[in-house]
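Visitor: Give the three-dimensional model of this entry:
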Amino acid sequence: MSQSSPSKKSLPALIGGAVLVLVAGYFGIDLGDSSDGADQKAASSSDTPDASAASGASSAADASGGDEGDVAKQGGSDLPTCSMDSLPQEAHDTASDILAGGPYDYPDNDNVRFGNYEGVLPQQDRNYYREYTVETPGIGHRGAKRIVTGGGSETDPDVWYYTDDHYDSFCSIPDAED
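Guide: Down below sits the predicted model:
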């Protein structure tokens, strides 16, 4: 009899913990720090990309007009590159907004911290990355396209990345400020 009481108490705790994690994820709250096991797990899983990450890297290379030789592993600094000329016009508009310091089409969602929870981009400090919406014509929501910048200042980032599949894959934009 006494064994059933602890299991009844642990179920609500388990459910409460799961709800907490889901709510934190929804609002982009990082529950851990860089020394916890979750970040180490994300980092180690990025070293061995699965088939979906590999296919995402291929789609990023296709968007850049590159060939398979341009596709490198996701999760490191060796991401495929894509020139601004290969990106949709809306990406040019977003890049111009970033360089001007705004205004942004989605002020509640643009120029906010990007958590890199997928571990696709190189691991950096918590507040290193910022994300910006790239409009997708013909849809009534933000869509999947983003520019993510890192380092530097808001109007002069050190690195620029583009994704058209909502963070599954990225390409580096070396000429974003040209």
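
Visitor: can you pull out the strands in the protein?
Guide: Secondary structure of the chain (DSSP state E): strands located at 112-113, 129-133, 146-150, 159-163, 171-172.

Visitor: Mind putting these into a markdown table with mean pLDDT?
Guide: Shown next, in a markdown table, are these (pLDDT from 0 to 100):
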| stretch | mean pLDDT |
| --- | --- |
| strand 112-113 | 96 |
| strand 129-133 | 97 |
| strand 146-150 | 97 |
| strand 159-163 | 97 |
| strand 171-172 | 97 |
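
Visitor: Kindly state which of those is positioned closest to residue 10.
Guide: Closest to residue 10 of those is strand 112-113 (C-beta to C-beta; 34.0 Å). The C-beta positions use only the backbone N, C-alpha and C, and glycine is treated the same way.

Visitor: With mean neighbour count and distance to residue 94 as extra columns, can I get the strands of the chain in CSV?
Guide: Shown next, in CSV, are the strands of the chain (neighbours: other C-beta atoms under 10 Å; distance: least, C-beta to C-beta, whole Å):
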stretch, mean neighbour count, distance to residue 94
strand 112-113, 14, 14
strand 129-133, 21, 5
strand 146-150, 23, 5
strand 159-163, 24, 9
strand 171-172, 24, 15
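
Visitor: Columns distance to residue 18 on top of the ones you listed, output as TSV?
Guide: Shown next, in TSV, are the strands of the chain (distance: least, C-beta to C-beta, whole Å):
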stretch	distance to residue 18
strand 112-113	24
strand 129-133	26
strand 146-150	28
strand 159-163	28
strand 171-172	35
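
Visitor: which stretch among these comes nearest residue 104?
Guide: Using C-beta to C-beta, these put strand 129-133 closest to residue 104, at 6.6 Å.

Visitor: Name the surrounding residues that touch the closest one.
Guide: Applying C-beta atoms under 8 Å, 6 or more residues apart in numbering, the external contacts of strand 129-133 come out as 94, 97-98, 104-106, 109-116, 121, 142-143, 145-150, 154, 157.
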